[in-house]
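In: all I have is the shape, not the residue letters:
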């Protein structure tokens, strides 16, 4: 490994002069800086970021905590965060929680041990009103940006989120405007605030249209393709008379649609199906899904803009981004 001492010997200057030249100190001439930097590059010198962090008390690292690195939603969000971090001279350390509170706490502690300058966290939602690790983050005053809606245990932190309720409301309105009056809903995880917001959007659109929410049209699903399959089978077995299905996310919608088609139910001729998220699978499913396009890249960019404010001691706020409907082949007017 090439050290400052090695560059100094080759340049015939002091180690201090090399250090100052590489840091663009004003008391080193431009010619000397250029000569030393060129020599350092030829010798393959790589700055020791940990040593620099000890001097500046900044590691130029951000920690990112997400449910899964393979998530089609968070993959795009993290992509945007990493791109902007690169432009700002930061690197990111990524950990996944698998939606387990214990793993979330462990992952955050590991990132804190690396002295990250800030944290981006998609919370592992739970019913408890408090979570020890978030109390510690607040006490440490670690700049933290939530990726998603807050819950009671993390409500004190700034964050960025989608206007889930408005987007779900607009999706239900789309189905109503097509002429559907019996719209089934496949709900998400009971603990997740975003799932509650999406269900509330569905409820409000129905009530505004003068329709009551029929509990027999509401099915507990979750968040996976398998959850969608199970909910669809329950619908079929119970003789549900819906003409449209609105799912809490695209994975649930895909699982539901697959099962309906294996039961001989044509989409959209016999049943319209809509999802939420606009993941790649939704566009390339056998019957391309009508869905809500979540602004994943904009969410990541907004999160980084908020983090920059926080690390500079500025008030950040909690921006809420709008989402739009993408109409595809899976929804149409009811048959007959």
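Out: Received, thanks. The structure presented is a predicted model; accordingly, all values stated were derived computationally and were not measured. Residues are numbered from 1 along each chain as shown.
In: quick one: contacts for the closest residue to residue 291 other than its chain neighbours?
Out: Leaving aside its sequence neighbours, residue 291 sits nearest to residue 275 (Cβ to Cβ, 6 or more residues apart in numbering; 4.2 Å). In this view, the C-beta of every residue, glycine as well, is placed from N, C-alpha and C. Applying Cβ atoms under 8 Å, 6 or more residues apart in numbering to residue 275 gives the contacts 247, 249-254, 282, 289-292.
In: who wins for most neighbours among those residues?
Out: residue 247 (33 neighbours; other Cβ atoms under 10 Å).
In: can you pull the phi/psi pair for it?
Out: phi -100, psi 150 (degrees, to the nearest 10).
In: find the nearest non-adjacent residue to it, please.
Out: residue 253 (3.7 Å).
In: who touches that neighbour in this structure?
Out: 186, 228, 245, 247, 273-276, 282, 289, 291, 330.
In: what's the pLDDT at it?
Out: pLDDT for residue 253: 98.
In: can you offset everything so residue one is 41?
Out: OK, 41 is where the count begins now, so the last one is residue 293.
In: could you pull up phi and psi at it?
Out: According to degrees, to the nearest 10, residue 293 has phi -60, psi -40.
In: list of residues touching the helix or strand where residue 269 lies?
Out: Using DSSP states H and E, residue 269 maps to helix 265-277. Applying Cβ under 8 Å, 6+ apart, the external contacts of helix 265-277 come out as 224, 226, 259-261, 282, 285, 287, 291-300, 303, 305.
In: buried members of the residues you listed into ChimeraX, please.
Out: Typed into ChimeraX, the line below selects the buried ones among the contacts of helix 265-277, using 16 or more other Cβ atoms under 10 Å:
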select :224,226,259,261,282,285,287,291,292,293,294,295,296,297,298,299,300,305
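In: mind listing the strands for the stretch 41-190 of the chain?
Out: All strands of the stretch 41-190 of the chain, identified by DSSP state E, counting those that start in this stretch, fall at 101-106, 131-136, 158-161, 184-187.
In: with the stretch 241-376 of the chain instead?
Out: 258-260, 284-287, 312-314, 331-333, 360-361, 364-366.
In: one step back: just checking, which of the contacts of helix 265-277 belong to helices?
Out: Of those, the ones assigned to helices by DSSP state H are 291-300.
In: CSV please, covering those residues and showing distance to residue 53.
Out: Below are these laid out as CSV (distance: Cβ to Cβ, whole Å):
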residue, distance to residue 53
291, 61
292, 65
293, 66
294, 64
295, 67
296, 70
297, 70
298, 70
299, 73
300, 75
